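Engineer: Here is the input, now give the coordinates:
(one chain, ligands or ions: 1)
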Amino acid sequence: MLIKSDSQGFIHAASSEITSLSAYQSRRDLIRLMASGVAGVAMAGWASREALAQGWVSPGQNAPLKPSKTSVPGAVSMEKVTTYKDATTYNNFYEFGTDKSDPAQHAQSMPISPWSVEIEGLVKKPGRYALEDLLKLSAQEERIYRLRCVEGWSMVIPWVGYSLSELIRKVEPLGSAKYVEFVTMADPKTMPGVRSNVLDWPYVEGLRMDEALHPLTLLAFGMYGEALPKQNGAPLRLVVPWKYGFKSGKSLVKIRFTESQPKTAWGRAAPSEYGFYSNVNPLVDHPRWSQATERRIGEDGLFARKRKTLLFNGYEAQVGQMYAGMDLKKFF
Ligand code: MTE
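Structural biologist: Numbers count the residues shown, from 1 in each chain. Below you'll find the predicted structure:
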């Protein structure tokens, strides 16, 4: 690790050389695994311990969260984690513009306090839930998920949150509720993209009830051990790791329980390109490009190989059963 001292003799480490608390925890866990003799499988997945260490940079900007380790099977990817810098400067958040660098630049003026989420529709306990109460509703866990964007790139991010199912159970949907609709913030005053007609605002996403209740579906409040940066969907967002990234709505303001399938923002904009399910699937091409491979952000060198995209983004063992018997080409 390169350490520099300034003219007053203070020692500084470049932020890219500092390993975050969660990285230490991950490595500590790995060491524990090795000690217990079951590390063989885990080790095969890590590029190397050194590469893991180099994959982290210290966030250090937002309020720290204290997640426990995840209890959900399949929720920890063994791949090298994307750097904090890449994960927070290469974003899709069209409310702030369509360039990857727009959200980091323009999202900082979005007010996020106070914040609340309206729960409505076919549910026994509708109402406005304050962020503080949502944060306390269940134990926060760290989960290292792959996220694969429909555009053909992917990242590996340590999210912090809890299964959305915790909230759903608390508000008690009615038996007639078959889907969950997620509505995200749309404020033309603070979000320049909302003043354009690039999408029909607000950004809306939807899941089938079993998908929303699946333990991997995460209500995320943080990443890299800290509160979410605004460009990544502060103060709370969805992360659905087996679906293309756009299903993971950012800066949620409403969760609505419905009987009919929600009309999502991308579905309305281009129904032939973005189906309701949008499960990551290398065998079902986007009408304008293949979905068979992906580029991992951070592996951009001249000789970087593309990775093969995995069915359900590699989460088939956990989620495949929900789609048994469905024609995934038809229900794309
Ligand atoms: N949520 C809102 N409100 N607006 C958006 O434009 N973009 C989606 C999704 N959630 C988007 C959104 C897309 S296309 C992707 S790939 C992911 O956010 C990107 O999340 P990230 O920037 O944290 O990687």
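Engineer: From here on, just use CA atoms for contacts and neighbour counts.
Structural biologist: Will do.
Engineer: In contact with the most centrally placed residue in the chain, which residues?
Structural biologist: When Cα atoms, centre = their mean is applied to the chain, the residue found nearest the centroid is residue 239 (3.7 Å). Contacts for residue 239 (Cα atoms under 8 Å, 6 or more residues apart in numbering) come out as 217, 218, 219, 220, 245, 247, 248, 249.
Engineer: From residue 205, how far out is the nearest residue to residue 272 once chain neighbours are set aside?
Structural biologist: Closest residue in space to residue 272, ignoring its immediate chain neighbours: residue 287 at 7.6 Å, by Cα to Cα, 6 or more residues apart in numbering. When distance is defined by Cα to Cα, to the nearest Å, residue 287 is 21 Å away from residue 205.
Engineer: One more: residue 87?
Structural biologist: Note on residue 87: its distance to residue 205, by Cα to Cα, is 22 Å.
Engineer: So for these two, which residue has more residues nearby?
Structural biologist: Between residue 87 and residue 205, counted using other Cα atoms under 10 Å, residue 205 has the larger neighbour count: 24 against 20.
Engineer: hang on, isn't the more buried one packed against residue 247?
Structural biologist: Yes - with contact defined as Cα atoms under 8 Å, residue 205 reaches residue 247; the gap is 6.0 Å.
Engineer: pretty sure residue 154 belongs to a strand, no?
Structural biologist: Yes - secondary structure of residue 154 (DSSP: H, G, I helix; E, B strand; the rest coil): part of a strand.
Engineer: rewinding a little: thinking the residue nearest to residue 272 is in contact with residue 274, fair?
Structural biologist: No - if you go by Cα under 8 Å, residue 287 and residue 274 don't touch, sitting 9.4 Å apart.
Engineer: Neighbour count for the two, which is higher?
Structural biologist: Taking neighbours as other Cα under 10 Å, residue 287 and residue 274 compare with residue 274 leading, 20 against 10.
Engineer: now the more buried one, what's its secondary structure?
Structural biologist: Assigned state for residue 274: coil (three-state reduction, three-state DSSP).
Engineer: Any chance of the backbone angles for the residue nearest to residue 246 when sequence neighbours are not counted?
Structural biologist: In this structure, residue 246 finds its nearest non-sequential neighbour in residue 149, 6.9 Å apart by Cα to Cα, 6+ apart. Residue 149 adopts backbone torsions of phi -80, psi 150, taken as degrees, to the nearest 10.
Engineer: Would you mind naming what in the stretch 201-332 of the chain lies close to the ligand?
Structural biologist: Proximity of the stretch 201-332 of the chain to the ligand (Cα under 6 Å from any ligand atom) is limited to residues 203, 232, 245, 246, 248, 249, 250.
Engineer: Adding secondary structure, distance to residue 136 and pLDDT, write those residues out as a markdown table.
Structural biologist: Listed next are those as a markdown table, based on DSSP: H, G, I helix; E, B strand; the rest coil; distance: Cα to Cα, whole Å; pLDDT from 0 to 100:
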| residue | secondary structure | distance to residue 136 | pLDDT |
| --- | --- | --- | --- |
| 203 | coil | 26 | 98 |
| 232 | helix | 21 | 98 |
| 245 | helix | 26 | 98 |
| 246 | helix | 27 | 98 |
| 248 | coil | 21 | 98 |
| 249 | coil | 21 | 98 |
| 250 | coil | 19 | 98 |
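Engineer: For the residues you listed, work out which two are farthest apart.
Structural biologist: Greatest spacing in these, by Cα to Cα: 203 and 232 (14.5 Å).
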